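S.K.: how would this look folded up:
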Amino acid sequence: MNAERPAVAAAACPPETIAIIGAGQAGGWAAHTLRQEGFGGRIVLVGGEAYPPHERPPLSKAVLAGAAPAQSTQLFKPEAFTALVLDWRPNTAVRRIDREVRQIVLADGGTVAYDKLILCTGGRARTLAAPGAQAVPVHTLRTIDDAMALAPLLQSGKSVVVIGGGWIGLEVAATARQQGAEVVVIETQSRLCERTVPPEMSEHLLVLHRSQGTRVLLGRGVSSVDRGSDGRPTVLLADGDRLLCDAVVVGIGLVPNDELAREAGLACDGGVLVDGRCQTSDPDILAAGDVAVAHNPWAGRWLRLESWQNAQEQGMAAARSALGQPVDYQPLPWFWSDQYGANLQIYGVPAPAHRVVRRGDPESGSFVLFYLEGDVIQAAMGLNAARDLRFARRLIEQRKPVDIGRLADLGAPLAKL
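M.R.: All right, here's what the predicted structure looks like:
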């Protein structure tokens with residue numbers, strides 16, 4: 001880790017009280033894992049939202065569309081959650097962490113002592129800095145409350161401007177179009193999801209969204225947001241175009257909630273730095289999920305993984321580490337997105353230097369792109385190819401050389417590679 005560990009004495013083992021700040025997917029699975037591993041001490045779970053631990057992917061899809069209730073996102077059934085016997089603190093903000101006496105100070109002045117602390121504080125949606133964005137209702141989508149507020153505005157007869165052509169923006173756009181709303185997507189970059197997928201996949205996403213009737217504007221910036229003469233939101237583009245709409249949705253990334261960690265003096269760099277044990281620069285504090293930054297061997301660099309998989313698995317790893325179990329968490333990154341019934345998945349971290357081998361025809365609506373260094377697969381991404389991608393994951397993890405000709409041949413089963 002690129003920081004010295006502060007001289008803080010380690011708590012006596014085994015811990016009697018483990019506190020978890022953040023009750024999303026990482027925090028929920030951390031608490032569940034502690035009990036599953038036999039921890040019989042006190043678990044304090046502090047959540048900033050009113051809801052029990054839940055997952056977020058359905059918020060931009062089924063929940064936003066009204067096809068599933070918010071309760072469906074909960075990680076555990078009510079009776080299973082009760083059985084965890086947690087000191088559960090919903091709607092509770094944490095003011096600071098006092099590392100010297102090992103306690104967290106709550107916003108209401110109360111305190112919670114801990115032997116081990118797990119930070120699962122996640123992140124918040126990045127807000128739009130353009131003039132007027134504070135005066136006009138501008139929506140983001142990160143929480144259940146966000147989804148509940150936005151859903152009524154994505155109906156037939158409504159018009160929606162989505163600022164940001166990344167994953168969350170495209171998922172909201174797809175849901176809105178499927179609900180019958182008119183949609184415009186504005187992306188400042190020259191292609192969609194430019195930071196995470198190659199041009200070929202960006203083009204496929206562009207064709208997909210335009211084929212569904214979405215207007216996609218690339219290489220266009222937003223100058224301001226204000227109200228039109230009828231009181232409806234208006235988005236002014238840098239080139240002078242005005243877009244009148246019923247709702248403005250911003251999907252321009254996530255800001256890690258690492259303020260508590262920074263103020264407590266923990267090593268941070270775009271999130272809380274952790275090692276393979278999920279341990280921070282304080283031996284009694286761990287971190288997991290969207291707020292944690294770890295060196296990822298598959299990418300060869302430090303990464304903060306914003307994914308469903310990482311939130312769950314790193315939360316579980318942090319819990320085991322807090323109990324003193326041997327942990328070396330080095331996940332192969334996995335990301336997925338559903339849009340208009342199309343399923344896109346990415347394993348590993350594609351790099352520009354990788355050789356690209358394609359299996360399948362994009363025109364068929366199902367294909368896989370393999371990213372190789374020599375004849376070893378380093379990453380793979382595909383559309384509507386879940387079975388092939390499961391085998392691709394195994395090939396990446398095995399790091400075995402492959403026959404590139406057979407890799408591209410649909411007649412050669414990946415299972416035999």
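
S.K.: residue 280 and residue 289, how far apart?
M.R.: 13 Å (Cβ to Cβ, to the nearest Å). For every residue, glycine as well, the C-beta is placed using N, CA and C.

S.K.: what do you get for residue 86?
M.R.: For residue 86, the distance to residue 289 (Cβ to Cβ) stands at 18 Å.

S.K.: more neighbours, these two?
M.R.: Summary of the neighbour comparison: residue 86 and residue 289, criterion other Cβ atoms under 10 Å, with residue 289 having more neighbours (34 against 21).

S.K.: could you give the number of residues near the nearest residue to residue 165 once chain neighbours are set aside?
M.R.: Setting aside the residues directly before and after it, residue 165 is nearest to residue 187 in space (Cβ to Cβ, 6 or more residues apart in numbering), at 3.0 Å. The number of residues packed near residue 187 is 25, by other Cβ under 10 Å.

S.K.: pretty sure residue 187 sits against residue 164.
M.R.: Yes: contact between residue 187 and residue 164 holds when scored by Cβ atoms under 8 Å: they sit 6.8 Å apart.

S.K.: residues contacting residue 303?
M.R.: The contact partners of residue 303, by Cβ atoms under 8 Å, 6 or more residues apart in numbering, come to 293, 294, 295, 296, 333, 349.

S.K.: list the contacts of the helix or strand containing the first one.
M.R.: Here residue 293 sits within strand 292-296, counting by DSSP states H and E. Surrounding strand 292-296, the residues in contact under the criterion Cβ under 8 Å, 6+ apart are 119, 256, 268-276, 278, 301-305, 314, 329-331, 333, 349.

S.K.: so for the nearest residue to residue 195 once chain neighbours are set aside, what's the pLDDT?
M.R.: The shortest distance from residue 195 to any residue other than its chain neighbours is 7.5 Å, reached at residue 166 (Cβ to Cβ, 6+ apart). We have a pLDDT of 96 for residue 166.

S.K.: quick one, what contacts residue 166?
M.R.: Applying Cβ under 8 Å, 6+ apart, we find residue 166 in contact with 192, 193, 195, 196, 251, 252, 253.

S.K.: and the residue nearest to residue 165, what are its bridge partners?
M.R.: residue 218 (DSSP bridges).

S.K.: which pLDDT value goes with it?
M.R.: The model reports residue 187 with a pLDDT of 98.

S.K.: with residue 9 instead?
M.R.: Confidence score, pLDDT, at residue 9: 42.

S.K.: and the one 3 residues further on, by the same measure?
M.R.: Per-residue confidence (pLDDT) for residue 12: 48.

S.K.: and residue 78, by the same measure?
M.R.: For residue 78, the pLDDT comes out at 96.

S.K.: before we move on, what about residue 240?
M.R.: Residue 240 is assigned 94 on the pLDDT scale.

S.K.: which of the three states applies to it?
M.R.: In the three-state summary, residue 240 is assigned as coil, counting by DSSP: H, G, I helix; E, B strand; the rest coil.

S.K.: report how many residues lie close to it.
M.R.: 7.

S.K.: need phi/psi at it.
M.R.: With angles defined as degrees, to the nearest 10, residue 240 shows backbone torsions of phi 100, psi -10.

S.K.: helices of the stretch 151-300 of the chain, start to end?
M.R.: Counting by DSSP state H, counting those that start in this stretch, residue ranges of the helices within the stretch 151-300 of the chain are 167-178, 199-211, 259-263.

S.K.: give me the pLDDT value at the nearest residue to residue 96 once chain neighbours are set aside.
M.R.: Using Cβ to Cβ, 6+ apart and skipping the chain neighbours, the partner closest in space to residue 96 is residue 105 (5.0 Å). Model confidence at residue 105, given as pLDDT, is 98.

S.K.: kindly report the same for residue 200.
M.R.: 87.

S.K.: and residue 258, what does it touch?
M.R.: If you count contacts by Cβ under 8 Å, 6+ apart, residue 258 has them with 121, 268, 271, 272, 291.

S.K.: then residue 101?
M.R.: Applying Cβ under 8 Å, 6+ apart to residue 101 gives the contacts residue 113.

S.K.: which stretches of the stretch 1-150 of the chain have low pLDDT?
M.R.: Under the criterion pLDDT under 70, the flagged ranges of the stretch 1-150 of the chain are 1-13.

S.K.: at 90 what do you get?
M.R.: In the predicted model, the stretch 1-150 of the chain carries pLDDT under 90 at residues 1-15, 132-136.

S.K.: of the contacts of residue 166, grab the buried ones for ChimeraX.
M.R.: The buried residues among these can be selected in ChimeraX (16 or more other Cβ atoms under 10 Å) with this line:
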select :192,193,196,251,252
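
S.K.: from residue 59, how far off is residue 337?
M.R.: 13 Å.

S.K.: for residue 254, same thing?
M.R.: Taken as Cβ to Cβ, the spacing of residue 254 relative to residue 59 amounts to 14 Å.

S.K.: now swap in residue 367 and tell me
M.R.: To residue 59, residue 367 is 28 Å away according to Cβ to Cβ.

S.K.: the two - which one has more neighbours?
M.R.: Comparing residue 367 with residue 59 by other Cβ under 10 Å, the one with more neighbours is residue 59, at 27 against 21.

S.K.: OK, contacts around that one?
M.R.: Contacts for residue 59 were tallied using Cβ under 8 Å, 6+ apart; they are 73, 141, 142, 143, 144, 146, 147.
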